[in-house]
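Enquirer: Pasting a predicted model and its sequence here:
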Amino acid sequence: MDIGKIQELEIAREVDFGCYLTDGKEEVLIPAKYLPEQYEIGDKLKVFVYTDHMSRPIAVTRWPYGQVGEIVGLKVKQITDFGAFVDNGLEKDLLVPKKEQHADMREGGQYAVMILLDYKTNRMIGSTKIAGFVSDTADGLEEGQEVKLVIWQKTDLGYKVVINSEYVGLVYDNEIFEDIRLGDNRLGYIKHIREDGKIDVSLQKQGYEAVLDMSDSVLNALREAGGSLALGDKSSPEEIQQAFGMSKKNFKKVLGGLYKAGHIEIFDREIKLKKAEG
């Protein structure tokens, strides 16, 4: 039975306070509050198994933010002399021991945390010393692919991000059009894989799909505003970024496409839906 993993187990027997589940070799308790309203012996349940406050294995149907082997952004709830407790979405918080902290963590801060199994105690622990667990060269990734990101470190060029708990990539400052924080969990896209294997990442879709998504956003905003918005060809990049979270270059591409399709009229500081769209 894998501690720190979501898995499917069979209901083996019932007790007053829940049921015992089995993988065919070992048993683990699932408390009554996590059981479905109707069940029978022999039914299979999808559960997460970890250890409770008494270090006993326990099964729950409450999913964590991250399983053993994953890197996720987690928030610190409490600092103690021996480590930091972070919220992993479970009743029992996850300990990041002092010796597993890359730098001292602070209460309320968010961090990229590798979730590990301490084989001495059979407990889940966290570590912010994640450099040894990730690769800075792509292997099996493709340009345009949607990926899970954790915002990891600030650099002179932008932000290092952890990709799918396996790789390190870079999001450039001049391509960020929304507020981000260290420890944020995001969806992103592989923008470019360089000849040396290094990975450039974008928080926005790329190419034709991106233009379609942004076009829908502009049209929806126009409809919600009654057919007119105080943004146009000569609006500032800051105004466009605040309204739509995109660059002025992309905004003008979107407006050009909507104009050619006959959806809008464009003015220096205004765009309007054509009457047929209203």
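Expert: Yep, it's here. Keep in mind that what you see is a predicted model, and the values were worked out from it rather than measured.
Enquirer: Return the helix or strand in the chain with minimum mean pLDDT.
Expert: Of all regular secondary-structure elements in the chain, judged by mean pLDDT, DSSP states H and E, the least confident is helix 207-224 with a mean of 75.
Enquirer: ok, what's across the strand from the residue nearest to the spatial centre of the chain?
Expert: By CA atoms, centre = their mean, the mean C-alpha position of the chain lies nearest to Asn185, the distance being 3.1 Å. Here Asn185 sits in beta bridges with Val150, going by DSSP bridges.
Enquirer: For it, list the residues it contacts.
Expert: In this structure, Asn185 makes contact with 65, 72-73, 148-150, judged by CB atoms under 8 Å, 6 or more residues apart in numbering. To be clear about C-beta, it is placed using only N, CA and C from the backbone, and glycine gets the same treatment.
Enquirer: Which of the residues you listed lies at the shortest distance from Lys205?
Expert: Of all these, Leu149 has the smallest distance to Lys205: 13.6 Å, by CB to CB.
Enquirer: pretty sure that closest one is in contact with Leu187, am I right?
Expert: Yes - assessed by CB atoms under 8 Å, Leu149 is found in contact with Leu187 at 6.9 Å.
Enquirer: The two: who's more crowded?
Expert: Neighbour tally, Leu149 and Leu187, criterion other CB atoms under 10 Å: the higher count belongs to Leu149, 23 against 10.
Enquirer: show me the residues around the more buried one that make contact.
Expert: 161-163, 169, 171, 185-188, 201, 203.
Enquirer: pLDDT score assigned to it?
Expert: Leu149 carries a pLDDT value of 97.
Enquirer: any low-confidence regions in the stretch 151-278 of the chain?
Expert: By pLDDT under 70, the low-scoring segments of the stretch 151-278 of the chain are 206-212, 275-278.
Enquirer: quick one: Gln242 from Leu90, how far?
Expert: When distance is defined by CB to CB, to the nearest Å, Gln242 is 37 Å away from Leu90.
Enquirer: now swap in Val60 and tell me
Expert: When Val60 is compared with Leu90 (using CB to CB), they lie 7 Å apart.
Enquirer: Kindly report the same for Gly132.
Expert: When distances are taken as CB to CB, Gly132 and Leu90 turn out to be 26 Å apart.
Enquirer: Also Gln78?
Expert: Distance, Gln78 to Leu90, by CB to CB: 15 Å.
Enquirer: which one of those two has more residues nearby?
Expert: Counted by other CB under 10 Å, Gln78 and Leu90 do not tie: Leu90 has more neighbours, with 17 against 12.
Enquirer: what's that one in contact with, if anything?
Expert: Each residue near Leu90 by CB under 8 Å, 6+ apart is listed here: 48, 50, 60, 62, 64.
Enquirer: Common neighbours of Val60 and Leu90, please.
Expert: With contacts taken as CB under 8 Å, 6+ apart, Val60 and Leu90 have 48, 50 as neighbours in common.
Enquirer: What subset of the contacts of Leu149 is buried?
Expert: Among those, those classed as buried by 16 or more other CB atoms under 10 Å are 161-163, 169, 171, 185-186, 188, 201, 203.
Enquirer: So which of those residues sit within strands?
Expert: 161-163, 169, 171, 185-186, 188, 201 (DSSP state E).
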